[in-house]
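>>> this one's structure only:
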């Protein structure tokens, strides 16, 4: 009896815990609160699959419960043998045909959504003047960060994807080193970025990110890629088309209008070799060819970002901690650390102020 009570207590505890965890999702990262057409289609597919599985579980549990109650030993006696159904053609047809029907229903819906969400035929469409009709973003996954290139617009950025709302945004996905997977849980996706081929798909962002808790959607790498896989995050800002166009113009002007919050910090940035891997203007692509300073994340919008290195709070203290010991914070990444013998504390303060001042957005 006591063992039975312990089991029920454990079951009750797990039930309460499951209910509690079900309320922990945030709309900027939850697949159960889709913020776009693709995410909603995938959510509908999830609900259809869940409904089919739950209906099967309900039928099985119901039959099992009836059997327990109707044929219990205390009611029918020790020697009672229920009517046997072995060889019943009717029952064999039932438990063969019904699963086939359920699988076919799910298969048809799955195939429909697969082809619908994989349709990128309009990706290269142009207007009468030959201008692209749709926004196309080239995504390159690297250990352990993300590069976003708007080739048709002549700009490039990293770690924070900026897109317009209420229109299809097409993506070319590729990896520079090992296999990764591009995923924005609240909007949809989860598609591999491979080294050997380009994957293409589209997303629709129907909600402005400024209404979210942190002002951004959260993106993840969904493929185990190394020791810092869990830290390979990126953020997404979705803006009305007019605001997105303003952002594009500001990005295109970064080559000529670089903000310099600290002149000494800019000198440290150049003299320490940071500029060899990190460009500070967003036009580091000319004629479809990436220029120097693109081995590391583009820093033209570093001051506008939500996180340092994709996951650390965006403030001066964490930025300095990141530069001082990159391997401690993100093991396996390719950025070297800079100790006090390479960049003094005064120089570090100036460098941090300079980087935090690299902005294109008006606050």
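Looks like it arrived, so ask away. Please read all numbers here as calculations on a predicted model, not as lab measurements.

>>> if I look at the most far-flung residue of the chain relative to its centre, how far off is residue 73?
Distance from the C-alpha centroid of the chain peaks at residue 79, with 61.0 Å (CA atoms, centre = their mean). Separation of residue 79 from residue 73 (CB to CB, to the nearest Å) stands at 10 Å. C-betas here are computed from N, CA, C, even on glycine.

>>> Tell me how far whichever strand or helix holds residue 19 lies from the chain's centre.
Taking DSSP states H and E as the definition, residue 19 sits inside helix 2-22. Helix 2-22 has its C-alpha centroid displaced from the chain centroid by 33 Å (CA atoms, centre = their mean, to the nearest Å).

>>> repeat for stretch 322-334
With CA atoms, centre = their mean as the basis, stretch 322-334 stands 22 Å off its chain's centre.

>>> now swap in stretch 234-241 and tell me
Computed by CA atoms, centre = their mean, the chain-centroid distance of stretch 234-241 equals 13 Å.

>>> Next, the buried residues of it.
Neighbour counts using 16 or more other CB atoms under 10 Å place 234, 235, 236, 237, 238, 239 of stretch 234-241 among the buried residues.

>>> now, among those residues, which is nearest to residue 272?
Set against residue 272, the nearest of the buried residues of stretch 234-241 by CB to CB is residue 234 (25.7 Å).

>>> give the contact list for the closest one.
145, 146, 159, 160, 161, 219, 220, 310 (CB atoms under 8 Å, 6 or more residues apart in numbering).

>>> among those, which are in strands?
Judged by DSSP state E, the contacts of residue 234 include 145, 146, 160, 161, 219, 220 as members of strands.

>>> how about those residues, which pair is most distant?
Farthest apart among the ones in strands among the contacts of residue 234 - using CB to CB - are 160 and 220, which lie 14.0 Å from each other.

>>> Could you export the ones in strands among the contacts of residue 234 as JSON lines, including distance to residue 327?
Output for the ones in strands among the contacts of residue 234, formatted as JSON lines (distance: CB to CB, whole Å):
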{"residue": "145", "distance to residue 327": "15"}
{"residue": "146", "distance to residue 327": "20"}
{"residue": "160", "distance to residue 327": "23"}
{"residue": "161", "distance to residue 327": "26"}
{"residue": "219", "distance to residue 327": "24"}
{"residue": "220", "distance to residue 327": "22"}
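
>>> What is the nearest of these to residue 106?
Once CB to CB is applied, the member of the ones in strands among the contacts of residue 234 that ends up nearest residue 106 is residue 220, at 26.6 Å.

>>> hang on, the closest one packs against residue 189?
No: under the criterion of CB atoms under 8 Å, residue 220 is not in contact with residue 189, lying 9.9 Å apart.

>>> before we move on, the earlier item: just the ones of the buried residues of stretch 234-241 in strands?
Counting by DSSP E, the buried residues of stretch 234-241 place 234, 235, 236, 237, 238, 239 in strands.

>>> Any idea what the fifth one is bridged to?
By that I understand residue 238. residue 163 (DSSP bridges).

>>> Residue 217 is in contact with that one, correct?
Yes: using CB under 8 Å, residue 238 is in contact with residue 217, at 6.9 Å.

>>> Can you pull the residues that touch both of those two?
205, 209.

>>> still on that earlier bit, quickly name whichever of the buried residues of stretch 234-241 is closest to residue 42.
For those, the nearest to residue 42 is residue 236 (16.6 Å; CB to CB).

>>> would you list every one of the strands in the stretch 251-363 of the chain?
Using DSSP state E, counting those that start in this stretch, the strands of the stretch 251-363 of the chain run over 285-286, 289-290, 307-308, 312-313.

>>> Contacts for the last one, please.
In other words, strand 312-313. 307, 318, 321, 322, 329.

>>> same thing with the third one?
Residues from elsewhere that reach strand 307-308 (CB under 8 Å, 6+ apart): 159, 233, 235, 313, 314, 315, 318, 319, 322.

>>> Now for the nearest residue to residue 310 once chain neighbours are set aside: which residues touch it?
Excluding its sequence neighbours, the residue lying closest to residue 310 (CB to CB, 6 or more residues apart in numbering) is residue 233, at 4.4 Å. Residue 233 is in contact with 218, 219, 220, 221, 307, 310, 311, counting by CB under 8 Å, 6+ apart.
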